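> Sharing a model that was predicted from the sequence below.
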Amino acid sequence: MSTDSLRSAIRDVPDFPKPGIVFKDITPILSDPSHFRQSISLLCDTARGEKIDKVVGIDARGFIFAAAVADRLGAGFVPIRKAGKLPWQTRGLAYSLEYGEATVEIHEDALATGEKVLLVDDLLATGGTAAAAVQLIDGLGAHLVAASFLIELSFLHGRQALGDHRIESILAYE
Ligand SMILES: O=P(O)(O)OC[C@H]1O[C@H](OP(=O)(O)OP(=O)(O)O)[C@H](O)[C@@H]1O
Ligand SMILES: Nc1ncnc2[nH]cnc12
């Protein structure tokens, strides 16, 4: 199925959340059942028959896609959350993203050594967020099979922040 219709559903919002940023608004995809389902199917394709133990999603938009992907793949779901939200013992990392800075955390017992992980987020921009997530996953000894994004802002070269890991995106913007 073509991705043209998905692409045209994404709304560009200039100067949000800061002047100079063109924000990719995915809410029109979420509110359309066929667009949402197609997004989940395409994100699942990244797993390509590998048995994924855990799908890791990033707070907050990433949760929407990652939880649905986990269910479809028969995998568990693990949240990486912004600082101060997870109740148990955590490991955290500070990072920069396209329009700011933040810290993300994961529960220290969320992944077991060698578990096969698919990382899912809505968007790859500078790669700061995803690189922090990858470091947290690697730090727990899990095996990152691939990272899958609905949108990639290729002109920000986020892939370069993610080393040799397999990175796939559905809609790239040059
Ligand atoms: O590649 P980067 O430059 O790091 O940017 C990508 C990140 O930015 C957005 O998250 P945001 O922190 O805005 O959180 P939200 O999902 O809660 O809106 C997006 O969902 C990615 O996680
Ligand atoms: N341009 C953008 N639109 C939506 N989410 C983002 N996260 C980082 N950059 C973004």
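Happy to help now that I have it. Numbering: from 1, shown residues only. Ligands and ions are numbered 1, 2, ... in the order given.
> following the biggest strand by length in the chain, which helix or strand shows up next?
In the chain, taking DSSP state E as the definition, the longest strand is strand 143-153. Next helix or strand after strand 143-153 toward the C-terminus (DSSP states H and E): strand 167-173.
> Point me to the residue sitting closest to the centre of the chain.
Asp121 (1.5 Å; CA atoms, centre = their mean).
> Following element in sequence after the helix or strand hosting it, please.
Using DSSP H and E, Asp121 sits in strand 116-124. Downstream of strand 116-124, the next assigned helix or strand under DSSP H and E is helix 128-139.
> distance between that next one and the chain's centre?
11 Å (CA atoms, centre = their mean, to the nearest Å).
> what's near enough to touch Asp32?
Ala9 (CB atoms under 8 Å, 6 or more residues apart in numbering). For every residue, glycine as well, the C-beta is placed using N, CA and C.
> Which pLDDT value does the model give it?
Looking at Asp32, its pLDDT reads 97.
> go on, the one 10 residues further on?
In this prediction, Leu42 carries a pLDDT score of 98.
> so what's the backbone phi/psi at it?
phi -70, psi -40 (degrees, to the nearest 10).
> Could you give the number of residues near Pro87?
8 (other CB atoms under 10 Å).
> With Arg81 as the reference, measure out to it.
Counting by CB to CB, to the nearest Å, the gap from Pro87 to Arg81 is 10 Å.
> re earlier: tell me the contacts of the residue nearest to the residue nearest to the centre of the chain when sequence neighbours are not counted?
Distances taken as CB to CB, 6 or more residues apart in numbering put Gly62 closest to Asp121, at 3.9 Å, once the chain neighbours are dropped. Contact analysis of Gly62 by CB under 8 Å, 6+ apart lists 80, 120-122.
> give me the low-pLDDT residue ranges for the chain?
Scanning the chain for pLDDT under 70 picks out 1.
> re the thing from before, among the contacts of Gly62, which one sits closest to Ile26?
Distance to Ile26 across the contacts of Gly62 (CB to CB) is lowest for Asp122, with 5.5 Å.
> and Leu119, bridged to which residues?
Bridge pairing for Leu119 (DSSP bridges) gives the partners Val56, Ala147.
> from what I can see Lys116 touches Ile137, true?
No. Checked against CB atoms under 8 Å, the pair Lys116 and Ile137 is beyond contact range at 10.7 Å.
> which of the two has more neighbours?
Ile137 (24 against 17).
> Look up how far His35 lies from that one.
28 Å.
> following the strand or helix carrying Ala70, which helix or strand comes up?
Secondary structure assignment for Ala70, by DSSP H and E: helix 61-73. Using DSSP H and E, the helix or strand that follows helix 61-73 towards the C-terminus is strand 76-82.
> Fine by me, we can end here.
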